[in-house]
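1. Sequence first, then the predicted structure, then my questions.
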Amino acid sequence: MTKKFKILLVDDDVKSSMLLKRFIETEGYEVHFAPDGLTGLEMYRKISPDLILLDINMPGMNGFEMAQTIRSTDKHVIIFFLTDRTEKADRLFGFSLKGNDYIPKPFYPEELIAKINERFESEMLNVDKEYRLGATLFQPNLSAITYNGESHSITVRQSEILTLLAENTGCVVDRNYILQQIWGDVSYSNSLALNVQITYLRRLLFDPSLSIINIKKKGYILQIKQ
């Protein structure tokens, strides 16, 4: 690993968190711990982590509130919600706050490590990557789209979806493949979340030569008109 990524773990279950912290550290990551949202927010500002592992049910400031505060100024830090709140409404709300993953408790630490490793490997691969799509420049590492000299920010989630489409321009990208790659499963709630993100992306693609086409019961195509 060329860079020692910093992870902030925020959870009021101190005992379990210490075990998880040590487990993650064995993978070579630098892990910081906060027992509540307010402390976590202070630590986030102090250490600028690459990834936040965030519980939701905490006293004072809960995980949703902490994520909302962070996302008001930071669109790039990776946020994984780790929680026993598994209702569809909670999951959708978590993703509406631009959470990158929503992992229900209990989970296997090995599964979490696999998700963390995959995320950071993807970050390293895409650090200098950019796509020329018609008259649009898409820079995944900056979560930015530039058209006619004007840059527009998109969310990390939208950037991930657009990357999958851009890598397969003119070809159908299977809907379930997108759900598995971005959310980790093909649940109904995640499918609804994908619909929402595609709608937002269409509004943000100002280039008239670009369009995202829905192929019913199959997936999506990013089409570039010549």
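-> Perfect, thanks for sending it. Residues are numbered from 1 along each chain as shown.

2. Please verify my assumption that residue 91 contacts residue 102.
-> Yes: contact criterion CB atoms under 8 Å: residue 91 and residue 102 qualify, at 5.1 Å. In short, each C-beta sits where N, CA and C put it, glycine included.

3. Outline the domain layout of this protein.
-> Recorded structural domains for the chain (assignment: automatic domain parsing) are 6-125, 131-224.

4. So for residue 91 and residue 102, which sits in the more crowded spot?
-> The neighbour comparison of residue 91 against residue 102 (other CB atoms under 10 Å) goes to residue 102, with 25 against 22.

5. Using the three-state scheme, assign residue 222.
-> Taken by DSSP: H, G, I helix; E, B strand; the rest coil, the conformation at residue 222 corresponds to strand.

6. pLDDT weak spots in this structure?
-> The model of the chain has pLDDT under 70 over residues 1-3, 123-128.

7. Centroid-nearest residue for it?
-> Note on the chain: the residue nearest the mean C-alpha position is residue 100, at 2.4 Å, using CA atoms, centre = their mean.

8. How about the contacts made by the closest residue to it other than its chain neighbours?
-> In this structure, residue 100 finds its nearest non-sequential neighbour in residue 78, 5.0 Å apart by CB to CB, 6 or more residues apart in numbering. Residue 78 makes contact with 50, 51, 52, 100, 119, 123, 156 under the criterion CB atoms under 8 Å, 6 or more residues apart in numbering.

9. helices or strands next to the host helix or strand of the third one in the packing?
-> Element membership for residue 52 (DSSP states H and E) is strand 51-54. Using 3 or more CB pairs under 8 Å, 6 or more residues apart in numbering; DSSP states H and E as the contact criterion, the neighbours of strand 51-54 among helices and strands are strand 6-10, helix 37-47, helix 63-71, strand 78-83, helix 109-125.
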